[in-house]
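**Q** my questions concern the predicted model and sequence given below.
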Amino acid sequence: MIYLDCAATSLQKPVSVRTALVNAMNTMASPGRGGHRPAMLAADAVLECREEISALFNVDDPEKVVFTSNATHALNIAIRTLVKRGDRVVVSGYEHNAVTRPLYAIGADVRVAACPLFDCEAAVNAFAQELPHAKCAICTHISNVFGFILPVERISALCRSHGVPLIVDASQSAGAMNIDFSALSAQYMAMPGHKALLGPQGTGVLICKDSASPLLAGGTGSDSMLQDMPDYLPDRLEAGTHNVAGIAGLRAGVRYVRSRGVATISAYDRHLMTMAAGILGRSNRLHLFSAENPKNQAGVLSLVAKGIDSTLLAERLGDRGIAVRAGLHCAPSAHRSAGTIDGGTVRLSFSVFNTETEVRKASMTLLEIIKKM
Amino acid sequence: MLQYLIMCRSLTYAQRTARTLERQGITASVARAPQGVSGQGCAYCVKVSGRNLERALTALKNTNLGPGKVYLLSASGAVSEVTRK
């Protein structure tokens, strides 16, 4: 099988991730519970993962790295900390439902900083227009549908100048692009462990500039006499037993990413995306969503085949052993911005484990399929 | 052998404290704090030997990992707070 759905979940992982998972299941208990060796081994794995993540994103204190079940969980903590019913919240036009649904559930006054696809200047201008009177801003770093890299550094600077806290959804960029959290100066940054960080499913991270309101309350193995959650990170936001095996696997994934180098990975993903676009661009039945300036697009390529249902095309590709994702990708807002809300798109997304041969074969197969449809 | 317990606000804090000390050549280990000194219940501490206490406290003061209360753990298991100057 050729797996090109890495924007959803990276399937191929380093061998070290699998080894770490099995080792954790065989030897580790839960951190913050007992003081015996299996508990302390687990505690070491969890702390080391916090340290690896701190090093990768330039976080000044590993206690600001909070483990969650996934990016959605992390975003919910951040959003529910900063947003109350009726608050004005500015979001980009490319947000995932992991952002928009919590805002809807809270009853926030959501303002979309709309901009055309791959237009960074327009994105900054749209935020500038909407930020006055906002309580919070939320911006995805990379659109999960189109690979559009939003100018979060400039948007963050704008937010600071307006005194508006910013939440960055780094679901697609964590591990795929260099991010300096300290320089970015966002209030929170959320990410999954199972995409470009190459960890297992069921892992996520919230990086906090300051503390946050707990989404869950429960045991932490600390301050047990108190019925309030501890007032310090990470305990405040980590109620219940950790996913130790997952975190041990994530530690291995992050180590792999750091050893390969994020810049190298980023350049390779883009190379594969550009290669696919070059081949697929030969067909006039395909509309490819490619940035004129390649710096504005990560290793994600969406396309529409004229007259062909996107889900059907993905199914035909699946029949030929090529895994891609079709439809709205849980991001209707992004499809509204790009004008693809009616039929969605077929998305090809790449990882460091894909090869040029795979990309060539998948692209040629897609061309063959649409000729017959 | 006399041991001292440096109290920490969380397990993560205790781990970082122990690692900081180890990096400076001071043997230190993370342990559950005795219930009698756990304050709000369930706490962690860092154990150091009697001869290393002053070095450890000095090392921690030079980092951003300020030490909490310090207790003396006797061979019999009795725990008593150490008053620091």
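**A** Ah, there it is.

**Q** what segments of chain A are strands?
**A** Ranges of strands in chain A, per DSSP state E, are A:2-3, A:65-68, A:88-92, A:109-113, A:136-140, A:166-169, A:188-192, A:204-208, A:286-289, A:300-305, A:322-323, A:325-327, A:345-349.

**Q** out of those strands, which gets nearest to chain B?
**A** Judged by Cβ to the nearest Cβ, the one of the strands of chain A that comes nearest to chain B is strand A:65-68, at 9.4 Å. Heads up, the C-betas are built off the backbone N, CA and C, glycines and all.

**Q** tell me the average confidence for that closest one?
**A** In this model, strand A:65-68 carries a mean pLDDT of 98.

**Q** what does stretch A:131-150 give?
**A** Looking at stretch A:131-150 alone, the average pLDDT works out to 98.

**Q** now do the buried residues in it.
**A** Neighbour counts using 16 or more other Cβ atoms under 10 Å in any protein chain shown place A:131, A:134-150 of stretch A:131-150 among the buried residues.

**Q** CSV please, covering the strands of chain A and showing distance to A:A126.
**A** Supplementary listing: the strands of chain A in CSV, determined by distance: least, Cβ to Cβ, whole Å:
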stretch, distance to A:A126
strand A:2-3, 35
strand A:65-68, 29
strand A:88-92, 8
strand A:109-113, 4
strand A:136-140, 11
strand A:166-169, 14
strand A:188-192, 21
strand A:204-208, 25
strand A:286-289, 19
strand A:300-305, 21
strand A:322-323, 34
strand A:325-327, 26
strand A:345-349, 22
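
**Q** buried ones in stretch A:197-216, by neighbour count?
**A** By neighbour count, and taking 16+ other Cβ under 10 Å as the criterion, the buried residues in stretch A:197-216 are A:197-209, A:212, A:214-215.

**Q** got the CA positions of that stretch in CSV?
**A** As requested, C-alpha coordinates have been extracted for stretch A:197-216 and formatted as CSV (Å, rounded to 0.1, in the frame of the first residue of the first chain):
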residue,chain,number,x,y,z
LEU,A,197,5.7,13.9,15.6
LEU,A,198,5.4,10.2,14.6
GLY,A,199,4.0,9.1,17.9
PRO,A,200,1.1,6.8,18.5
GLN,A,201,-2.6,7.7,18.3
GLY,A,202,-4.1,8.8,21.6
THR,A,203,-1.3,11.3,22.3
GLY,A,204,-1.5,15.0,22.2
VAL,A,205,0.3,18.0,23.7
LEU,A,206,-0.7,21.4,25.0
ILE,A,207,2.2,23.9,25.4
CYS,A,208,1.3,26.6,27.8
LYS,A,209,2.7,30.1,28.3
ASP,A,210,0.8,30.3,31.6
SER,A,211,-1.5,28.0,33.4
ALA,A,212,-5.0,27.1,32.2
SER,A,213,-8.3,25.9,33.6
PRO,A,214,-8.6,22.1,33.9
LEU,A,215,-11.0,20.5,31.6
LEU,A,216,-11.0,17.4,33.7
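
**Q** quick check: residues of chain B near chain A?
**A** Residues of chain B lying close to chain A (Cβ under 8 Å from any Cβ of the partner chain) are B:9-13, B:15-16, B:19, B:30-32, B:39-44.

**Q** again, only this time at 6 Å
**A** On the criterion Cβ under 6 Å from any Cβ of the partner chain, chain A has as its neighbours in chain B the residues B:9-12, B:15, B:31-32, B:40-42.

**Q** just the buried ones from those, in PyMOL syntax?
**A** For selection in PyMOL, the members of the residues of chain B next to chain A meeting the burial criterion (16+ other Cβ under 10 Å) are listed in this command:
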select buried, chain B and resi 9+10+11+12+15+31+32+42
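
**Q** quick check: the gap between A:E95 and chain B.
**A** With distances taken as Cβ to the nearest Cβ, to the nearest Å, A:E95 is found 32 Å from chain B.

**Q** and the residue nearest to that residue when sequence neighbours are not counted, what's its pLDDT?
**A** Spatially, and ignoring its direct neighbours in sequence, A:E95 is nearest to A:S333 (5.0 Å; Cβ to Cβ, 6 or more residues apart in numbering or on different chains). Per-residue confidence for A:S333 comes out at a pLDDT of 94.

**Q** and A:S333, how many residues sit next to it?
**A** The local packing of A:S333 (other Cβ atoms under 10 Å in any protein chain shown) involves 25 other residues.

**Q** just to check, it is in contact with A:N97?
**A** No. Under the criterion of Cβ atoms under 6 Å, A:S333 makes no contact with A:N97, lying 8.2 Å away.

**Q** ok, and which of the buried residues of stretch A:131-150 reach chain B?
**A** By Cβ under 6 Å from any Cβ, no member of those lies near chain B.

**Q** for the buried residues of stretch A:197-216, work out which two are farthest apart.
**A** When Cβ to Cβ is used, the two most widely separated members of these are A:L198 and A:P214, lying 28.4 Å apart.

**Q** which pLDDT does the model give the residue of chain B positioned farthest from its centre?
**A** Relative to the centre of chain B, and counting by Cα atoms, centre = their mean, the farthest-placed residue is B:S76 at 18.1 Å. Per-residue confidence for B:S76 comes out at a pLDDT of 83.

**Q** ok, B:K85 next?
**A** The confidence metric pLDDT takes the value 63 at B:K85.
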